[in-house]
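Visitor: Pasting the sequence and the predicted coordinates here, then a few questions.
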Amino acid sequence: MNSKATYLNLPAIDKPLWVKVLQDILEKAIEYARNLGVDFADIRVEQVERTIVTIQDGVLKDVRSGVEAGAAIRVLYRGAWGFSSVNRIELNELRKAIQTAYSAARALAPKVKKPVKIVELSSKTDYVSVKFKRDPKDVSLEDKIKDYIEYEARLRKHDYVKTTTVNYADIVGVKRYISTENRYIEQELGITWMYTWITGRLGDVVASVRDERGSIEGYVIWDKWDMNDVVKLVVGRLEKQLKAKPPKGGVFPAVLAPEIVGVFVHEAFGHLAEADLTTSGSAISDKIGKEIASPLVTIVDDPTIPGGFGSFKYDDEGVETRPAVLIENGVIKEVMVDRQYAVLLGVKPTGNARAESYKVPPLIRMRNTVMKPRDYTKEELFEDIDYGYYLVSFRGGQANLDGTFQVGVQEAYEIVKGEIGEPVRNMSISGNTLDTLREVDAVGKDFEIGFGRCGKGQTAYVSDGGPHIRVRKIVVGGVA
């Protein structure tokens, strides 16, 4: 074992005895799988402490705090997968779960038309620690509740705010991975997350505003962002929505701020480039290696971005992660893969397999999906627009495998003769992803990432973002 490794920031030599016993149990369990004659097997153990707080309209609605632990077992036998999970990490329980997964794989194997093959990895042992600026476990539940009650109360002090919902969550723990390849990985994790939703009314106008942020550096949300500044931002967006005029409907040039760019590259393009969806007929299924966007566009799914929700060294298949260059200078270069799709497409693994918990098998998921910056200043992006829109912050949306998308915008402004003008409300943008990427004619030099969650049957914490960009035209929903 690596003497420099750490477990929860303790030297490896001082690791608690039960942790060493656990590794021994996992090694014996994986040997049991080998002896069954499987082609491949892995075990993913999760032990996390989770806290959830929800406050609605001044009432503490939900408080949960506790430890969750369990193991996920996958078995590959004659081209068929078997899966099982167990919430007791004991040798006998793991053997039973392995047997269950093995039996499922054996039953499926004769029916599989295309036997599954996966990338095999070399033997490896590694320990990955995290260093929090402030460990969430060192902050009492009472103090967490107090902080978010105070934040929610500050939101309600404003006249326009009629309803509020504030959610907070933190997850701290360790994942362990072992496979029949003699691969053993321990990786710590830590996420703090906050979500705000407020609604307001002014006369006959009703509006809603969302805000989402987080950190992998510990209990530091209120260190990264001043509470009063967040309140001012969220309530200010609501007030603008209530007082603003509706946008003109039609096709216009637009400047997109990093938050809008992030949701666009994630929702409208990123899902198209998840290999399981790509091969199911997404809009880019026949376009890998082809130019599909402006040469100014480079989009990557990058697990190495400092501080991103999707920044980690190993995925949930024990694969060491690497940046996946989805679009480079307008050309689709690759898609995001797991072990199985890496073989299917004949590419190097990207480390995009992620599971919501030990209760489910991993899926191909995004991590930190961003557009790369170029060399325009923010001011230069507006200069050539006689009339258009500046899109700052989104409020939900949807995208389809055929490349069509629609996104609601909760903060937007007119652009008049190169200057930011009056705010507009109830705006939406829509179109075709590939057509929109071709319309990018200027990309800024700034760069920001956001923090959120992505649903694909399972929930994953992700980041997305980019610089300010300009598009020559985009469809705006509004009044005629």
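Guide: Sure thing, it's come through.
Visitor: which stretches of the stretch 351-480 of the chain form helices?
Guide: Ranges of helices within the stretch 351-480 of the chain are 378-382, 433-438, based on DSSP state H, counting those that start in this stretch.
Visitor: Out of the ones you listed, which gets nearest to residue 468?
Guide: helix 378-382 (5.2 Å; CB to CB). Using the backbone N, CA and C atoms, a C-beta is placed for each residue, glycine as well.
Visitor: returning to that earlier point: comparing the helices of the stretch 351-480 of the chain, which comes out most buried?
Guide: Highest mean neighbour count of the helices of the stretch 351-480 of the chain: helix 433-438, a mean of 21 (counted as mean count of other CB atoms under 10 Å).
Visitor: what's next to that helix, contact-wise?
Guide: 264, 268-269, 272, 283-284, 287, 292-294, 297, 327, 330, 399, 403-405, 471, 474 (CB atoms under 8 Å, 6 or more residues apart in numbering).
Visitor: Which among those count as buried?
Guide: Among the contacts of helix 433-438, the ones that count as buried by 16 or more other CB atoms under 10 Å are 264, 268-269, 272, 283-284, 292-294, 297, 327, 330, 399, 403, 405, 471, 474.
Visitor: give me the number of residues near the residue nearest to residue 380 when sequence neighbours are not counted?
Guide: For residue 380, ignoring the flanking residues on the chain, the nearest one in space by CB to CB, 6 or more residues apart in numbering is residue 442 at 7.1 Å. By other CB atoms under 10 Å, 22 other residues sit near residue 442.
Visitor: who's in contact with residue 442?
Guide: 296, 374, 376, 380, 381, 469, 470.
Visitor: Pull the most distant pair out of those residues.
Guide: 296 and 380, at 13.3 Å, using CB to CB across the contacts of residue 442.
Visitor: what's the neighbour count on residue 112?
Guide: Quick note: residue 112 (other CB under 10 Å) scores 13 neighbours.
Visitor: sorry, that was for residue 233
Guide: 16.
Visitor: Now do the same for it: helix, strand or coil?
Guide: Here residue 233 is recorded as helix under DSSP: H, G, I helix; E, B strand; the rest coil.
Visitor: My guess is residue 120 contacts residue 183. True?
Guide: No. Between residue 120 and residue 183 there is no contact under CB atoms under 8 Å: 9.7 Å.
Visitor: Of the two, which one has the most company?
Guide: The neighbour count for residue 120 versus residue 183, taken as other CB under 10 Å, is higher for residue 183 (21 against 13).
Visitor: Quick check: phi and psi at residue 38.
Guide: phi -70, psi 160 (degrees, to the nearest 10).
Visitor: do the same with the one 4 residues further on
Guide: When quoted as degrees, to the nearest 10, the phi and psi of residue 42 stand at phi -140, psi 160.
Visitor: Could you list everything the closest residue to it other than its chain neighbours pairs with in the sheet?
Guide: Using CB to CB, 6+ apart and skipping residues adjacent in sequence, the residue nearest residue 42 is residue 179, 4.0 Å away. Residue 179 forms beta bridges with residue 42, residue 183, as assigned by DSSP bridges.
Visitor: Can you show me the helices along the stretch 1-150 of the chain?
Guide: Under the criterion DSSP H, counting those that start in this stretch, the stretch 1-150 of the chain contains helices at 17-35, 91-108, 141-156.
Visitor: And those helices: which comes nearest residue 276?
Guide: Of the helices of the stretch 1-150 of the chain, the one closest to residue 276 (CB to CB) turns out to be helix 91-108, at 18.2 Å.
Visitor: Centre of the chain to the closest one, how far?
Guide: Distance, stretch centre to chain centre, for helix 91-108: 31 Å (CA atoms, centre = their mean, to the nearest Å).
Visitor: Run the angle between that helix and helix 17-35 for me.
Guide: Per axes from the mean of the first three to the mean of the last three CA atoms, to 10 degrees, the angle that helix 91-108 makes with helix 17-35 is 30 degrees.
Visitor: Confirm for me that residue 101 is in contact with residue 76.
Guide: No. Counting by CB under 8 Å, residue 101 stays clear of residue 76, with 9.4 Å between them.
Visitor: what touches both of the two?
Guide: Listed as contacting both residue 101 and residue 76 by CB under 8 Å, 6+ apart are 41, 82.
Visitor: Please say which of those two ends up with more neighbours.
Guide: residue 101 (27 against 24).
Visitor: Let me see the contact set for that one.
Guide: Applying CB under 8 Å, 6+ apart, the residues contacting residue 101 are 41, 73, 74, 75, 82, 83, 84.
Visitor: Buried only: go through the contacts of residue 442 for me.
Guide: With burial judged by 16+ other CB under 10 Å, the buried subset of the contacts of residue 442 is 296, 376, 381, 469, 470.
Visitor: in terms of contact, does the third one touch residue 472 like I think?
Guide: No. The pair residue 381 and residue 472 does not pass the contact test of CB under 8 Å, sitting 11.9 Å apart.
Visitor: rewinding a little: out of the buried ones among the contacts of residue 442, which are inside strands?
Guide: 469, 470 (DSSP state E).
Visitor: This completes my enquiry, with thanks.
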